[in-house]
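Peer 1: What would the 3D arrangement of this be:
(one chain, ligands or ions: 2)
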Amino acid sequence: MKSSSRLNPKDFESFNVTAKPSSTERKTVILVAGARPNFVKLAPLYSELASRNETFETLILHTGQHYDSKMSDVFFKELGIPKPHIHLGVGSGSHAEQTAKVMIECDKVFTERKPDMVVVFGDINSTLAASVTAAKSGIPVTHVEAGLRSFDRTMPEELNRLVTDCMSDLLLTPSKDANRNLEREGVPREKVEMVGNIMIDTLVKFLPEADKSDVLERFNLQPQKYALLTMHRPGNVDDPTGLEAVLDIIEQIAEDYKIVFPAHPRTRNNFVAYGGRAQRFIEGDLSNLILTEPLGYLDFLKLQKESGVTLTDSGGVQEETSYLGVPCLTLRPNTERPITITHGTNHLIGLNVTSAVEHARRFMQESRGVHQPPPLWDGHTAERIADSLERFLFGTGREREIRALTVIAREEALKALTM
Ligand code: UD1
Ligand code: UDP
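Peer 2: Ligands and ions are numbered 1, 2, ... in the order given. Sure, this is the predicted structure:
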């Protein structure tokens, strides 16, 4: 270990120099994905790293957290992601079971493949499990979508975000608020880089293809004359109070408008188990409700773009509607994506039935405003991430030394504080 007395401010100034890799030292990067939103984030980065194949050997590891073809295969097919090089097949389970299985299986893979870097996305259980396993094996971890915070520790995703960021060596953020959160938590600044929103790369690339989808005709819908709904947070669909509120919102909006609801498997299972109104909605009891299986990316993107209003508890949907300029009502008490409110079209409604229905009716009647996307939500995030990985993996010995020193410097500063 080096002594922090060697720290010199000049070292930091030179840190951002890009060192071009020599083709003889190709680095192995494992991209870990487990659930629907991960696949949407992985697609552009895989494509960018694969195009730099003299620099990176890029492997896709699918944990198997999501496994239904409509939650997994369809994204690989539509987004042109190759079959995963490694599939762990962990499936569903309690948080502890699922996390533990991913850790055990990742450990075997990391031991055998010895990657130079493990890249994780978002905030799901697979993200946490892979980041902890890699860090404990001494493998550098990159977190794509670092720094987001809802400050609500009852959400499993918030715990996953906190742990993953603690494990990560390179924290790549989508927006300034995330940088501020990390700074407040004492993460050394040189580990953090704002790269923009990788989900928007996928949206930008696939929007022309989504525009060709015939989903509106299939469901007999007119542009901006229907509402779109997605719902899968445990707080909304596992809890009877939340479920009742969601059912009320559906029923009241459906009095006046068509509402398309591609139900997540967690939600469908809960509707069936709950019975009563929920079961009847699944059986087609409400004529204006189009309750479907989860949809493929292209159909769903087209439905978002043309909806009069989108109601959701999804993280990704808050971002995509903001980019598209479609009014979004978030049926949660908080969001880890405040930029979608300050710079986008998102409105935080909670599970207030009256407010949700009133807002939905208003937006269905109003014409849309014009919105500028947040900085760096521009379709080029994957390139910036690949550059950042190059700098990290191929930086000069001096640059690596500085990274190590900054960690020590932080430890020393903390020690000084507690003395
Ligand atoms: C997970 C993530 C959540 C993310 C969501 C994206 C965690 C803690 N949660 O939630 O952050 O927003 O994915 O959609 O990681 N199931 C199936 N088929 C599948 C997958 C799941 O039937 O292909 C059912 C199972 O009954 C399972 C339940 O859905 O128990 C929940 O799946 P799970 O992956 O645990 O959590 P999600 O609710 O999908
Ligand atoms: N999505 C989709 N089909 C659907 C619902 C969502 O393709 O039926 C896409 C959506 O466009 C976004 C991603 O899935 O790209 C969001 O995933 P989800 O809401 O499951 O997870 P979250 O973002 O909340 O973690």
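Peer 1: before we move on, what SS does the closest residue to V353 other than its chain neighbours have?
Peer 2: Using CB to CB, 6 or more residues apart in numbering and skipping residues adjacent in sequence, the residue nearest V353 is D248, 4.6 Å away. C-beta coordinates here come from the backbone N, C-alpha and C atoms, glycine included. Here D248 is recorded as helix under DSSP: H, G, I helix; E, B strand; the rest coil.
Peer 1: can you tell me how far D248 sits from V357?
Peer 2: Per CB to CB, to the nearest Å, D248 is found 8 Å from V357.
Peer 1: So between the two, which is more surrounded?
Peer 2: Neighbours around D248 and V357, counted as other CB atoms under 10 Å, are more numerous at V357. The numbers are 21 against 16.
Peer 1: middle-most residue in the chain, spatially?
Peer 2: The centroid of the chain falls nearest to G122 when counting by CA atoms, centre = their mean (3.9 Å).
Peer 1: What's the separation between that one and ligand 1?
Peer 2: To ligand 1, G122 is 7 Å away according to CB to the nearest ligand atom, to the nearest Å.
Peer 1: Repeat that for S322.
Peer 2: Distance, S322 to ligand 1, using CB to the nearest ligand atom: 17 Å.
Peer 1: for the protein, which spans come out with low pLDDT?
Peer 2: For the chain, applying pLDDT under 70 flags the ranges 1-24, 396-419.
Peer 1: In this model V40 seems to touch the residue nearest to the centre of the chain, though I could be wrong.
Peer 2: No. Counting by CB atoms under 8 Å, G122 stays clear of V40, with 9.5 Å between them.
Peer 1: Enumerate every residue touching I30.
Peer 2: Under the criterion of CB atoms under 8 Å, 6 or more residues apart in numbering, the contact list for I30 reads 59-61, 86, 109-110, 113, 115, 117-119.
Peer 1: Among these, which one lies nearest to V353?
Peer 2: Proximity of the contacts of I30 to V353 (CB to CB) peaks at V119, which lies at 40.7 Å.
Peer 1: so what's L393 closest to, chain neighbours aside?
Peer 2: Leaving aside its sequence neighbours, L393 sits nearest to K27 (CB to CB, 6+ apart; 4.7 Å).
Peer 1: burial of the residue in the stretch 251-400 of the chain positioned nearest to ligand 1, as a residue count?
Peer 2: Closest residue of the stretch 251-400 of the chain to ligand 1, CB to the nearest ligand atom: P265 (3.3 Å). For P265, the neighbour count with other CB under 10 Å is 16.
Peer 1: Next one: the nearest residue to it once chain neighbours are set aside from ligand 1, what distance?
Peer 2: Once flanking residues are discounted, P265 sits nearest to D68: 6.2 Å by CB to CB, 6+ apart. Distance of D68 to ligand 1, given as CB to the nearest ligand atom: 4 Å.
Peer 1: OK, contacts around G196?
Peer 2: Counting by CB under 8 Å, 6+ apart, G196 touches 174, 375-378, 380-381, 384.
Peer 1: ditto for A135
Peer 2: When contacts are counted by CB under 8 Å, 6+ apart, A135 touches 141, 167-168.
Peer 1: What's the local residue count around the residue nearest to R233 when sequence neighbours are not counted?
Peer 2: Once flanking residues are discounted, R233 sits nearest to D313: 4.3 Å by CB to CB, 6+ apart. When neighbours are counted by other CB under 10 Å, D313 registers 25.
Peer 1: Where do the domain boundaries of this structure fall?
Peer 2: Listed by automatic domain parsing, the domain ranges of the chain are 18-196+378-395, 208-365.
Peer 1: Alright, that wraps it up for me.
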